[in-house]
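[1] Need coordinates for the below:
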Amino acid sequence: MNMLTQPALKYKPPSERRASQMGAWRILWPALLGLLSFWIVLAAIAQSGSMPGVSMSATIVSALIGWIVALLISVQQGTIDSKLAIFGIAVLLLRIAIGIGHYFFWFDLSYFDVFNPSFQFSIDYEALSQGAAKVSDFWNSYGFAPLPSDFFDAKNSFLYPYFGLLFFIGGNEHFLNFGPFNALHNCLVALIAARFTFRTSGRAIAQIVFVIVLMQPFGIISTIQWRDSVGQFFLVAGGVLCILASPNLKGGPSLLLGAFSMMALRNVYFVNAIITFATKLVSSRKLNAITLASTLVIGGSLLLLSLFLTNSIFVYDLGSGNFSFNRGISRLLYDMVRGLSGPFPWTQMLDPSIGGREFFPEDVLQATFHLSATYLLWKSWRAGSLKLNDPTTLSTLVFFGSIMGAGLISYGHVTYVTVSTVLILPFIAHLTIQRFYRVFVSILLGLIAAGATWSALGLSSAVLAG
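    The predicted model follows:
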């Protein structure tokens with residue numbers, strides 16, 4: 001029976017495995033070296049002022065080489081086998097192709113025919129390329145110098161300069177180069193998740209997790225102009241640093257680096273990092289349940305306060321351009337439904353008047369991915385397979401829960417709710433690819449039926465939104 005199709009071995013806590021000695025940096029370094037390889041190759045082969053096709057080719061080659069470097073290290077160390085490495089290369093290219101095909105289908109077939117293509121769709125989707133171009137232009141004019149304070153976005157103070165590097169080093173401001181860039185980071189998330197699983201649950205489950213995370217719908221439309229694919233990489237990497245940080249003063253540097261990495265996506269995630277580390281600290285010292293519960297309550301209160309202070313619970317009014325707390329209970333519930341199920345009903349994507357409908361399918365599929373993993377995790381808990389007395393297991397679940405909770409009570413974006421889901425996969429008992437996708441298909445069909453029924457009754461999302 002194939003290793004990927006047979007039920008995974010019974011879950012054992014990390015303390016029972018030699019791989020449990022693998023620290024966070026050993027888990028992360030192949031991915032980090034792959035990223036470094038990407039930037040070195042891009043700087044070497046990119047041609048300033050080239051046509052979009054040449055620029056895209058250079059970015060794809062750079063991403064491919066960076067990914068191969070990370071894969072080769074993981075194969076050599078036994079995390080995955082060579083066949084899965086080849087599969088990983090194919091998935092990277094597939095993600096890039098899907099992104100380019102999506103752009104051609106929905107937006108512009110002439111992208112590669114003009115020297116300086118433009119993208120006019122919605123400010124939400126244009127802001128990233130505009131911000132990255134602003135950063136790149138500054139460095140081209142004044143050298144690779146620190147950026148003025150007004151260059152930094154409130155939510156993503158690190159990611160705009162990081163994306164600006166793509167334009168600056170690549171020598172062009174061709175926005176479809178985000179495709180291979182996003183796809184590379186999505187694939188590296190799968191590698192980190194697999195290596196984290198190798199530490200907690202062994203090689204058999206690590207290979208299963210590698211395949212499932214490679215195929216997650218998150219960022220499958222790779223050319224989307226968003227920060228979330230790259231942001232997921234920094235969040236997951238930061239989460240691993242916080243989860244595996246030593247529960248003492250020696251863990252301070254890893255905690256701080258992990259927290260700042262997580263903040264690349266949202267500033268409020270600094271609090272999530274503290275909650276995760278505090279859970280690890282309390283559970284490692286075998287303190288009583290009351291102390292642990294108190295820690296979680298205090299952490300949750302700090303998270304809620306941080307969401308208020310960063311306007312994350314408020315609603316942005318397009319008319320006035322201001323934030324206001326006008327989310328009644330019905331709107332809050334709607335946002336939570338949307339965060340868990342994706343755009344509801346899904347039939348909205350058939351309406352040309354709905355903004356952003358071109359990207360709705362990915363949200364529906366990613367929400368299904370999240371619900372599938374969460375359901376299987378719940379089944380594992382019901383079966384008594386979750387080792388909640390293990391500090392790594394408990395801190396990972398708190399990390400996941402706090403990220404999901406922050407997403408649900410803030411904007412209700414699918415990406416914010418599901419961005420940390422990949423790290424709970426190692427703790428699902430008897431995980432196989434077939435079992436996961438049986439649940440996935442069942443939930444997806446349920447969401448399709450529910451949305452179709454809702455629309456057939458003549459209702460709309462406005463009924464839920466209030």
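[2] Run through this protein and note the low-pLDDT ranges.
    1-21, 119-124, 152-156, 285-331, 411, 459-466 (pLDDT under 70).
[3] Report the contact partners of Gln77.
    Pro30 (CB atoms under 8 Å, 6 or more residues apart in numbering). Every C-beta, even on glycine, is put in place using the N, C-alpha and C of the backbone.
[4] State the phi and psi torsions of it.
    phi -90, psi 0 (degrees, to the nearest 10).
[5] now the one 4 residues further on
    Listed backbone geometry of Asp81 is phi -100, psi 170, with angles given as degrees, to the nearest 10.
[6] can I assume it is in contact with Val75?
    Yes. Counting by CB atoms under 8 Å, Asp81 does reach Val75; the two are 6.7 Å apart.
[7] so what sits against both of the two?
    What both Asp81 and Val75 touch, as defined by CB under 8 Å, 6+ apart, is an empty set.
[8] To what extent is Ile86 buried, counted in neighbours?
    Residues lying near Ile86 (other CB atoms under 10 Å) number 12.
[9] For Leu249, see how far away the residue nearest the centre of the chain is.
    Closest to where the C-alpha atoms of the chain average out (CA atoms, centre = their mean) is Gln232, at 2.9 Å. Here Gln232 is placed at a distance of 30 Å from Leu249 (CB to CB, to the nearest Å).
[10] Same question for Asp351.
    For Asp351 relative to Leu249 (CB to CB), the value is 56 Å.
[11] Show me which of these two is the more surrounded one.
    A side-by-side neighbour count of Asp351 and Leu249, using other CB under 10 Å, places Asp351 first with 10 against 7.
[12] residues in contact with the residue lying closest to that one once chain neighbours are set aside?
    Leaving aside its chain neighbours, Asp351 sits nearest to Arg357 (6.6 Å; criterion: CB to CB, 6 or more residues apart in numbering). By CB under 8 Å, 6+ apart, the residues touching Arg357 are 348-351.
[13] Which strands or helices does the strand or helix carrying Gln434 pack on?
    Per DSSP states H and E, Gln434 falls inside helix 433-456. The helices and strands touching helix 433-456, judged by 3 or more CB pairs under 8 Å, 6 or more residues apart in numbering; DSSP states H and E, are helix 203-214, helix 360-382.
[14] right, so these: which one is the most enclosed?
    For the helices and strands packed on helix 433-456, average neighbour numbers computed from mean count of other CB atoms under 10 Å are highest in helix 203-214, which has a mean of 24.
[15] now for it, which elements pack on it?
    helix 82-106, helix 178-201, helix 433-456.
[16] how about the strands in the stretch 151-300 of the chain?
    Assigned strands in the stretch 151-300 of the chain: none (criterion: DSSP state E, counting those that start in this stretch).
[17] That one: helices as residue ranges?
    For the stretch 151-300 of the chain, the helices defined by DSSP state H, counting those that start in this stretch occupy 159-170, 178-201, 203-214, 228-243, 252-263, 269-284, 289-309.
[18] closest one to Phe344 among these?
    With CB to CB as the measure, helix 228-243 is the member of the helices of the stretch 151-300 of the chain nearest Phe344 (19.9 Å).
[19] Which strands or helices does that closest one pack on?
    Here helix 228-243 touches helix 24-45, helix 159-170, helix 178-201, helix 252-263, helix 269-284, helix 391-409, going by 3+ CB pairs under 8 Å, 6+ apart.
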